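Colleague: Here is a sequence together with a model predicted from it:
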Amino acid sequence: MNDVLNIRDLTLKFRGYTGVTDVLHGVSLNIQAGEKVALVGESGSGKSVTARIVQGLLQDLKSAQIKGDLFFEGHNLNRLSAHEWHALRGTSMSMIFQDPTSSLNPVFTIGTQFTEVLRRPDPKLSKVEAAARAGELLNSVSIHDHDRVLNAFPFQLSGGMNQRVVIAMALANQPSLLIADEPGTALDVTVQAQTLNLMHDLVEQSGTAVLFISHNLGVVREFADRIYVIYRGRIVETGPTRAVFKNPGHAYTKALLAAVPRITGGGIPDIPDTDDAFFEPMVVHNGGQA
Amino acid sequence: MTPLLSLKNVSKTFGSKNHTVHAVHDVSFDVFPNECLAVVGESGSGKTTLANMILGVFGQSAGDIVFDGQALPTKRSLDHRRAIQMVQQNPLSSLNPKRSVGSSVRLGLDVYGIGAKSERWALVERALEDVGLSPEFRKRPPATLSGGQRQRVAIARALACQSRLVVLDEPTSALDVLVQARVLRLLNDLRQEKGLSYVFITHDLSVVRNVADRVAVFKEGQLIECEKTSDIFEAPQQDYTRQLIGAVPVVADEEIQLRNTLTQGEKI
Amino acid sequence: MKRMIIILLRNPLSLLGVILVSLVVLSAIFADFIAPFPDHRGAVVDFVHFNQGPTSRNYMGTDLVGRDLFSRIIYAFRISLILGVVVLAIATPVGTFVGLFAGYLGGKVEFILMRLTDVFLSIPPLVLAIAMMGVLEPTLMNAMLAVTVMWWPWYARLVYNIARSEREEGYVLAAEVIGASNIHIALREILPNCLPAIITKMTLDMGFVIIIASSLSFLGLGVQPPTPDLGSMVAEGARYLPDSWWLTVFPGLAILIAVFGFNLIGDALREILGADQ
């Protein structure tokens, strides 16, 4: 199995004052090495919590009950100790979030934060070496003004710049998997377009697999090789991006695609925002799941 | 046709002598009755400042804002305030969490003295029905509503005042795809039913293409281009407009073709 | 509301708080019926039973003139609670309005009101109270006045901070665009959002007011004999430690129970109500 990530029957329940809430009802997905896979859904679909579970960030919550198999590069994540799981984060598995400026620590310079990232696999790395390495990484995201950027604080840089910095940091330790949670959503559309192109090129070059989480179908279409559509904690459709967009099989996917306004016009269609048909069983396209 | 709203050489500067920011620079455009004018721009384009001036949140540094033939002063009369209402982007913060939804909608009625006091709850319920919410929503706290429902309440609040012009600042940007579609349809239907005009501020060009009659493109406080929607998308005059259209993430093949034609293969 | 009560009672710590505070409040209200020797709250002497440790007749012993300590403590609860209620009933509204208008209106109003608040805040509370009591006659009324004067600025500051941040929220902008008056916005839009913090603080403050009042009477500046007060009882009894230990320990425990109880409820309220912040 050439899978970087393999999730089987993941269920998630939250225990609260009022009772138990089911969030994920058995989600399965896989990502092969070098693949760019998108997990598409609206708010409340469970896409973000899935990402957090893979990172091991949700397991600490006492109210969260998680079941299911998680395999990363062949290792069973559930069998790892918290310490071992932590060692993976930032090194073999990294994550970027929606708002780049708030994912960076406001009281430390970019350079300091880079050093922290680069020291994860190599704690003895000297500041000089770290700075040199950071410089190379900044070049790869088309930032050439190294001194200024490394000595700056996040609030001194634009959103687009911070987004590129965050991408550079995420790829610094050459992870096998990059999880991107709605990246670029906080950015202007032209900046977002540039950033996504950049990310696309970088991961192609480095062969990093990507789990791209988004609600924006347009962005997903341009970025992902394969997509999983998730609705209320269930995967409803999966397949190669082109195939799913050309011939959506599931009622929910059809609704989603029809609801996106087109720049060629056509008006806004009349679509229900919920429907029993959305709960129909999953549709799998050829080339969907290994 | 005489415009409903007219901005003439409007500018706004912020800051002190040493450090001035020209948020809006010498902007002129009209909004006609029964039309939806989209205001498009990225961050720093001045679109929010423009909205605030139209709404009377603060005054302009130069130029005139003319509504229905009268120049609007900075300190607005209640009649003027009633005529121009707002729908904000963030449905969560635009409703007071400690007041029921109906009570938020009723505020305008109380301030403008619309209807007799005993009738006002009925008017609130009617406004809620107009936006597709059942009257029993009146008593609910905002926290129990979904984003789409809250946004409908915000729209009901603007409508209840029987205004003529509504300024919508990214009204659907915080909403999910399917919910956005429903709210956009609702906005369209209401505009036509009630004969309203919209100033629809957004960064989302695909929404603009389908809701607006005319589009005003802003960049760094200046008006770059203001044309009919079909003209803007089929034959944009300015490079910046082309750039904006080229950057929109699209889902359909025809859209990709359109984008390619406009940007003629230039990589962004 | 019902939900709040259920949560309050479900958590063991907050349940404990509710029990303790109920004990205190009920004792204060029904003192006349609970106290075995109701007249001992006044000037009564009983040299047959004076300075005795806890017995079946006097559960907490007697003081130096023979009065039943248990009865006096129960009446002292009444005094402390009255003090707390009166102080908060005045300090809270005054402080709230100062903070509310300073926070919402900003500009000159903010400057004047908050600098005034700062002046009061810069004087250590107990010092201020002592200074006032030095000038006024030591009575319960004056003690309440002194504590009120030092208490309101804390509410002003609390509400000011909340009002300042709420004024940036969308619903305030919406009300301004509609054209609602400043008074309406401050009182009917912003104030309701300050209430959770105010209520939580009031509950916690009951405990603190009791301590401050006890400190004042410990120094002889508050309630005067023969009116029973927890602080003066501790002060008097301190001289006779460790022999007549009950004279200090029981009133001290009473203060502890009251303050602890209010603190526990206040903490629970902060979690329940403060979740909105």
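Modeller: Done, it's in.

Colleague: what helix or strand does the closest residue to residue B:115 other than its chain neighbours sit in?
Modeller: Computed as CB to CB, 6 or more residues apart in numbering or on different chains, the closest residue to residue B:115 that is not its neighbour in sequence is residue B:123, at 5.2 Å. Any C-beta I mention is one placed from the backbone N, CA and C, and that applies to glycine too. Using DSSP states H and E, residue B:123 falls within helix B:120-130.

Colleague: tell me the mean pLDDT for that helix?
Modeller: Mean pLDDT, helix B:120-130: 93.

Colleague: all strands for chain A, in order.
Modeller: A:3-16, A:19-32, A:36-40, A:64-72, A:75-76, A:93-96, A:177-181, A:209-214, A:226-231, A:234-240, A:283-284 (DSSP state E).

Colleague: Quick one: residues in contact with stretch B:104-119.
Modeller: Contact with stretch B:104-119 is made by B:78, B:82, B:85, B:95-96, B:120-121, B:123-124, B:127-128, B:138, B:142, B:153, B:156-157, B:160-162, C:171, C:174-175, C:178-180, C:184, as judged by CB atoms under 8 Å, 6 or more residues apart in numbering or on different chains.

Colleague: One more: stretch C:74-91?
Modeller: For stretch C:74-91, contacts defined as CB under 8 Å, 6+ apart pick out C:24-25, C:27-29, C:31, C:34-35, C:38, C:41, C:140, C:143-144, C:147-148, C:151-152, C:155, C:202, C:205-206, C:209-210, C:213-214, C:223, C:227-230, C:233, C:251, C:254, C:258.

Colleague: now swap in stretch C:150-157 and tell me
Modeller: Taking CB under 8 Å, 6+ apart as the rule, stretch C:150-157 contacts C:87-88, C:90-92, C:94-96, C:98-99, C:102, C:113-114, C:117-118, C:120-121, C:123, C:125, C:128-129, C:198, C:201, C:205, C:209.

Colleague: For it, give the mean pLDDT please.
Modeller: pLDDT averaged over stretch C:150-157 gives 91.

Colleague: How about stretch B:221-234?
Modeller: Per-residue pLDDT over stretch B:221-234 has a mean of 92.

Colleague: Give me the contact status of it with chain A.
Modeller: Yes - judged by CB under 8 Å from any CB of the partner chain, stretch B:221-234 and chain A are in contact via B:230, B:233.

Colleague: list the buried ones in that stretch?
Modeller: B:221, B:223, B:224, B:225, B:226, B:227, B:229, B:232, B:233 (16 or more other CB atoms under 10 Å in any protein chain shown).

Colleague: ok, these vs chain C, which is closest?
Modeller: Using CB to the nearest CB, residue B:221 comes nearest to chain C of the buried residues of stretch B:221-234, at 21.4 Å.

Colleague: hang on, the closest one packs against residue B:13?
Modeller: No - Residue B:221 is beyond contact range of residue B:13, at 9.3 Å (criterion: CB atoms under 8 Å).

Colleague: Next to chain B, which bits of the stretch 51-200 of chain C? Give me the list.
Modeller: Checking the stretch 51-200 of chain C against chain B by CB under 8 Å from any CB, the hits are C:169-171, C:173-180, C:184, C:188-189, C:192-193, C:195.

Colleague: any idea how far residue A:185 is from chain B?
Modeller: 10 Å (CB to the nearest CB, to the nearest Å).

Colleague: burial measure for that residue, as a count.
Modeller: Around residue A:185 there are 15 other residues, counting by other CB atoms under 10 Å in any protein chain shown.

Colleague: mind listing what it touches?
Modeller: Contacts of residue A:185 by CB under 8 Å, 6+ apart are A:98, A:99, A:192, A:214, A:216.
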